[in-house]
Structure formats: C-alpha cells, structure tokens
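In: Predicted model, plus sequence, below.
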Amino acid sequence: MAAERHDLESVQAPRQVRHHSTAIAGTSANDVWFVGSGITASGLAYHWDGTSWVDRSPGVTGYYARAAAAVSPTSAWSVGTYTSGYDHRTDQATVGHWNGTEWTVTKLPTITGRTTTLSAVSASSGNDIWASGEQCKPFEAGNGRCQPYLAHWDGTKWSQVTVPDFSPRSTVATKVISRSGEVWVGGRETDLTTSTQPDRMFTLHWDGSSWTKNYLPVTVSADGWYSYLNGFAYHGTELFAGVSHTKNEGVVRWNGQAWEQYAGPLATSTVSSLVGTVDGRVLAAGDGSDASGAHDFLAYLPASAPMAG
C-alpha cells in the first residue's frame, strides 16, 4: 500500500452534527448520509444530494447515532444508543431507518441487568444487515464487565444474535462487516478498570455455522487503552482491517487461516479509519511516522476486481 498523500476536495459538514460521534455512509456521490447527535442529545441526520446538505433529522431526544449504512436512496440505517436523561445506566441499543421519506427510530429489547449499545453496522443487502456493540453489567455493582452484543435484520425484524462467551475479560465489539453469508466482528479484549493484562484486539468470525475467535498479530502501545480495530474492508476476495495505537504498521490481512501483518502506509501507523469504496478501493486514513518524520496520511489500495457472485 503506497503512502501517497492527496489534496482532497472538501465539503463543509453541517455545524449541528459536529458536536458528538458521527458517521457517514452513502451509495453514490449524490446520496450521502451524515448522522450523529447534537448538543441537545437529539438524533441528527443530514443528507447530501450532490449540491447541498438537507436536514432529515428524526429529532428523537436521547438517541446517539454512532454508525450508518446505506442500501439505496430509499433505505439507510443508523445504529447507536438511546439514553434517558444523560444517565448511561439506561443505555439501550437503538436503530434508525430511512425509508425514502422519513426516519423511524426503534429501541431494541432490553437485557435484564445490562446496558446495551451499538457502534457499528454493515449492510450487504436490504434483508441482511448486522449491527455490533456491547452489553455491559453496571460498574457500580463491583463486577462491571462487557460482552459483544450483535443484532441482525432479516428484512422483517431485528433479532439479537447469541455469541459464545470466549473470554473472562471484557470484550468490546467496535466494527462489523458481512458478505456472502460470512460475518466478521472486531473488537478489543480488556480488563477495563483493573488493567492487569495488556489489551488484545480480536475478531469473531461467523462462517454460516459457527463462531471462531482469532487474535490480531499486533502489539498494543503503551497507551493501549486507546487501541482499537477501526475498520474492515474487502479488497476483492481479501479482507483487511485497520488498527490504531499499536507498535505495528496499522494494517492486517486475513490469509484464510489467521491474521497477518500487511505493509501499511507508514513504518509505524495509527489507522483511524479503514473503509472499502463502491469502486473496489480500500482507503486508510490516520497518522504515523517514517524516516522523514511524522505525517498525517490518506492512502489507498487500487480497485480490485469484485468477487464473483
């Protein structure tokens, strides 16, 4: 992957949506969504039609949208959390759907004694959508612990998907990608409050019949609390992932049996975002250093032929 830096044409984001965690998704240059939450904790959604941003916000107070996926101009999804009165002990996984006319926001069923949140979503079709996040026991109970929380849309309804409990530590799921019946979930295994062991980044893989867990071959840096898997992307038939704040190059590739290091944009990199594009490229953005010093970067793998079928 060449560490090429590019001058990009910029489009000013709507001011209201820049206050909290935001996400962007789209199907073309004339169909782009920018979602998030504003200073009033009201769910926001702005649509780019190729000329200007149009406010299409659902206006649901307490909905924090954290990720988005677009299927078509008449179908887009956002996922996140509904919080009552800024009390995160009430966090509840929530989804939003755009039907071409308006957004509908729906809270998913609660889990007794746990909070639930969603932080990532992947749509391979209109009836195969996966969302990932976490379910947590309250920390004030003295035994706070998080586990992955997965939900699936089959075209009719959302259902919680049970994932085996692979670790006694907390496991925080941050990204998800699905294609051709396969699902990959990426996250971080941590002790959260005690930090008795180094954090480790992992993936969970659904092959259509069972889940398997694999660790990424990266060394978490000294500020390991901030190490995350920040994106999946297919490049033809190959799957890549981007990671942040490690002592490695920030990019790994699945070789069919295990994750392996891949030559990243810079010798030491933090990949803050890695995504696939509709034309088959893989884009990576972040910062890092090489022999000439420290740099911010936008790098890419050229378009690859799409997978047959």
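Out: On my side now, so go ahead.

In: which residues does Ser28 bridge with?
Out: Asp31 (DSSP bridges).

In: State the pLDDT value of it.
Out: For Ser28, the pLDDT comes out at 90.

In: any idea how far it is from Ser122?
Out: Distance, Ser28 to Ser122, by Cβ to Cβ, to the nearest Å: 18 Å. To be clear about C-beta, it is placed using only N, CA and C from the backbone, and glycine gets the same treatment.

In: And for Gln197?
Out: Taking Cβ to Cβ, one finds Gln197 at 30 Å from Ser122.

In: Please say which of Ser28 and Ser122 ends up with more neighbours.
Out: For Ser28 versus Ser122, neighbours defined as other Cβ atoms under 10 Å are more numerous around Ser122 (21 against 11).

In: So Ala65 sits against Ser42, correct?
Out: No. In this structure Ala65 lies outside contact range of Ser42 using Cβ atoms under 8 Å: 10.3 Å.

In: Which helix or strand contains Gly96?
Out: Element membership for Gly96, per DSSP states H and E: strand 87-98.

In: close enough to count as contact, Asp279 and Ala303?
Out: Yes. Between Asp279 and Ala303 there is a contact under Cβ under 8 Å: 5.3 Å.

In: Now do the same contact list for Trp48.
Out: Val11, Gly26, Asn30, Asp31, Val32, Trp33, Phe34, Val54 (Cβ atoms under 8 Å, 6 or more residues apart in numbering).

In: Where does the prediction get shaky in the stretch 51-200 of the chain?
Out: 139-143, 192-196 (pLDDT under 70).

In: if we can go back for a sec, so between Ala65 and Ser42, which is more surrounded?
Out: Using other Cβ under 10 Å as the criterion, Ala65 and Ser42 rank with Ala65 on top: 32 against 16.

In: neighbours of Tyr215, just the number please.
Out: Tyr215, neighbours per other Cβ under 10 Å, totals 12.

In: Please identify the buried residues of stretch 160-175?
Out: Val161, Val163, Arg169, Ser170, Thr171, Val172, Ala173, Thr174, Lys175 (16 or more other Cβ atoms under 10 Å).

In: gap between that stretch and the chain center?
Out: Here stretch 160-175 is found 15 Å from its chain centre; the criterion is Cα atoms, centre = their mean, to the nearest Å.

In: first to last residue in it, what's the distance?
Out: 16 Å (Cα to Cα, to the nearest Å).

In: same deal with stretch 151-163?
Out: 10 Å.

In: I'd assumed His245 was in contact with Val218.
Out: No. In this structure, Val218 is not within contact of His245 by Cβ under 8 Å, at 9.7 Å.

In: Now do the shared contacts for the two.
Out: Contact criterion Cβ under 8 Å, 6+ apart; residues bridging Val218 and His245 by contacting each: Ser227.

In: Tell me how many other residues crowd Gly126.
Out: A count of neighbours around Gly126, defined by other Cβ under 10 Å, yields 13.

In: Low-confidence regions, the stretch 201-309 of the chain specifically.
Out: In the stretch 201-309 of the chain (pLDDT under 70), the answer is 221-226, 247-248, 305-309.

In: which stretches of it form strands?
Out: 211-215, 229-235, 238-243, 251-254, 259-261, 268-276, 282-290, 293-301 (DSSP state E, counting those that start in this stretch).

In: Those into CSV, with extra columns for distance to Thr81?
Out: Below are the strands of the stretch 201-309 of the chain laid out as CSV (distance: least, Cβ to Cβ, whole Å):
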stretch, distance to Thr81
strand 211-215, 24
strand 229-235, 19
strand 238-243, 24
strand 251-254, 28
strand 259-261, 29
strand 268-276, 21
strand 282-290, 25
strand 293-301, 30
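
In: Pull the number of nearby residues for Ala241.
Out: By other Cβ under 10 Å, neighbour count at Ala241 equals 26.

In: Just list whatever residues bridge to it.
Out: Phe232, Val252.

In: Confirm for me that it is in contact with Val218.
Out: No. Using Cβ under 8 Å, Ala241 is not in contact with Val218; the gap is 9.7 Å.

In: Tell me the residues that contact both of the two, please.
Out: Common neighbours of Ala241 and Val218 (Cβ under 8 Å, 6+ apart) are Val252.

In: Nearest to Trp184, out of the strands of the stretch 201-309 of the chain?
Out: strand 229-235 (5.8 Å; Cβ to Cβ).

In: Can you check what angle separates the closest one from strand 293-301?
Out: 40 degrees (axes from the mean of the first three to the mean of the last three Cα atoms, to 10 degrees).

In: other SSEs contacting strand 229-235?
Out: strand 170-179, strand 182-190, strand 238-243, strand 268-276, strand 282-290 (3 or more Cβ pairs under 8 Å, 6 or more residues apart in numbering; DSSP states H and E).
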